[in-house]
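**Q** Predicted model and sequence follow; I will ask about them next.
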Amino acid sequence: MAGRLRSPLREQTPRSEARMTLIEHLGEFRSRVIKVAIAFFAVSMVAWFFRERIFEILLIPAGDALDGKLNVTSVTEQLLTDLKLALYVGFLLTIPIFLYQIWAFIAPAVGDLGRAFTYTIISFASALFLGGVAFGYFVVLPIGMGFLLNWAPDRYETIIVSQLYLQFVTRFLLAFGIVFELPAATYVAAKLELVDAPLLKRYRRHAIVANTLLAAALTPGQDPYSMVLMAIPMVVMYELSIIVARYVNPVSEVNVRDLIEDDEEEDEDNLSDDDLEEDTSQREEERDL
């Protein structure tokens, strides 16, 4: 596999990129940050007018445990909570724009991969992120909420404040969106021939341990139940990444065998005649024994 690896820096760099100075790079970076910021605030302003509906949607996974309302403990908590909800929705909906601007900034450094590849990776990454948020909302979050909010109701009275509940839900969904980005990252790495399916398979056990630790870090709650609910999809995403790598950067067993044989032939060519005679005599002695 080592023979197949190549550095993306060896790709042909566009002439405009070669002439750009550090100041021009910083100017381009600032321009793309401003575009993302404008889109973010524009979408957030639109989301502000739908804050009541957003609030109701985020309470649906809790079922009847909260009776459609949340408690507040300060005078300004209601206003700040609605503002955070609008900003959160604005962030989610501007993810495709954010990914496009980031990729457009770093793409010249890895060579000319084509406009079709850019649109493919942006669409793929955006769909995976929103798909992860949807999976967490419709599948994992209702199960986790039903388990946690109904724990020992005869001993505990559930009083959930808006700040803590919405913080838990939004971070939980955001974490799932990030986790689902793993196949997209693998797609880019495989396209650049930096990883392949055999390499990912070799480190599968290490990845399971790393995914478990990462799930514990990303889970906003302190309970092991939420950690398990996040660790399982992470392992599934890793297996999906192996399939993506096999499709994008196929490495057959024949190629691997050829690489091994080529290395052995190079080693034999580097041996001197005396070494070859000594090796041959040793083999004959072993055969006679």
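**A** Good, I have the coordinates.
**Q** how close does the spatially most central residue of the chain get to Met227?
**A** Residue closest to the average C-alpha location in the chain (CA atoms, centre = their mean): Glu181, at 2.9 Å. Counting by CB to CB, to the nearest Å, the gap from Glu181 to Met227 is 19 Å. (Glycine included, C-beta is placed from N, CA and C.)
**Q** starting at the chain centroid, how far to the strand or helix carrying Gly90?
**A** Remark: Gly90 resides in helix 77-93, with elements defined by DSSP states H and E. In terms of CA atoms, centre = their mean, to the nearest Å, the centre of helix 77-93 is found 24 Å from the chain centre.
**Q** do stretch 158-165 as well
**A** 29 Å.
**Q** I'd like to check what contacts that stretch. Which residues are they?
**A** 62, 65-66, 70-73, 77-78, 80-81, 149 (CB atoms under 8 Å, 6 or more residues apart in numbering).
**Q** quick check: mean pLDDT across it?
**A** Stretch 158-165 shows a mean pLDDT of 87.
**Q** Convert the C-alpha atoms of the helix or strand where Ala210 lies to CSV, please.
**A** Here Ala210 sits within helix 204-218, counting by DSSP H and E. Extracted in CSV, the C-alpha atoms of helix 204-218 (Å, rounded to 0.1, in the frame of the first residue of the first chain):
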residue,chain,number,x,y,z
ARG,A,204,-10.9,-1.6,13.3
ARG,A,205,-10.4,-2.6,16.9
HIS,A,206,-8.5,0.6,17.7
ALA,A,207,-11.3,2.6,16.1
ILE,A,208,-13.9,0.9,18.3
VAL,A,209,-12.0,1.9,21.5
ALA,A,210,-11.5,5.5,20.1
ASN,A,211,-15.1,5.8,19.2
THR,A,212,-16.2,4.8,22.7
LEU,A,213,-13.9,7.4,24.2
LEU,A,214,-15.1,10.0,21.7
ALA,A,215,-18.7,9.2,22.4
ALA,A,216,-18.1,9.7,26.1
ALA,A,217,-16.6,13.1,25.3
LEU,A,218,-19.3,14.2,22.9
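**Q** What angle do helix 204-218 and whichever helix or strand comes after that helix make with each other?
**A** Per DSSP H and E, the first helix or strand lying C-terminal to helix 204-218 is helix 224-248. Angle, helix 224-248 to helix 204-218, by axes from the mean of the first three to the mean of the last three CA atoms, to 10 degrees: 130 degrees.
**Q** before we move on, back to that, check contacts around the residue nearest to the centre of the chain.
**A** 125, 128-129, 132.
**Q** so Ala231 makes contact with Leu213?
**A** No. Counting by CB atoms under 8 Å, Ala231 sits too far from Leu213 to count as a contact (9.2 Å).
**Q** who's more crowded, the two?
**A** Ala231 (21 against 11; other CB atoms under 10 Å).
**Q** Could you find the closest non-adjacent residue to the more buried one?
**A** Residue nearest to Ala231 in three dimensions, not counting chain neighbours: Ala215, with 3.9 Å by CB to CB, 6 or more residues apart in numbering.
**Q** My read is that the one you found contacts Met237, right?
**A** No. Using CB under 8 Å, Ala215 is not in contact with Met237, being 11.3 Å away.
**Q** what's the angle from the top helix by length along the chain to helix 77-93?
**A** Ranked by number of residues, the top helix in the chain under DSSP state H is helix 22-48. Taking the same axes, to 10 degrees, one finds helix 22-48 and helix 77-93 inclined to each other by 120 degrees.
**Q** For helix 22-48, list every residue counted as buried.
**A** Residues 32, 36, 39-40, 43-44, 47-48 are the ones in helix 22-48 that count as buried (16 or more other CB atoms under 10 Å).
**Q** Neighbours of the closest residue to Asp82 other than its chain neighbours, how many?
**A** Leaving aside its chain neighbours, Asp82 sits nearest to Arg51 (4.5 Å; criterion: CB to CB, 6+ apart). Arg51 has 16 neighbours, counted by other CB under 10 Å.
**Q** can you pull the contacts of Arg51?
**A** 82, 85-86.
**Q** Domain boundaries for this protein, per the record?
**A** 14-178, 181-269 (automatic domain parsing).
**Q** where's the first one relative to the chain centroid, distance-wise?
**A** Centre-to-centre, domain 14-178 and its host chain are 14 Å apart (CA atoms, centre = their mean).
**Q** Same list, the contacts of Glu181, but as TSV with distance to Ile97 please.
**A** Formatted as TSV, the contacts of Glu181 follow (distance: CB to CB, whole Å):
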residue	distance to Ile97
Ala125	12
Leu128	16
Phe129	12
Gly132	18
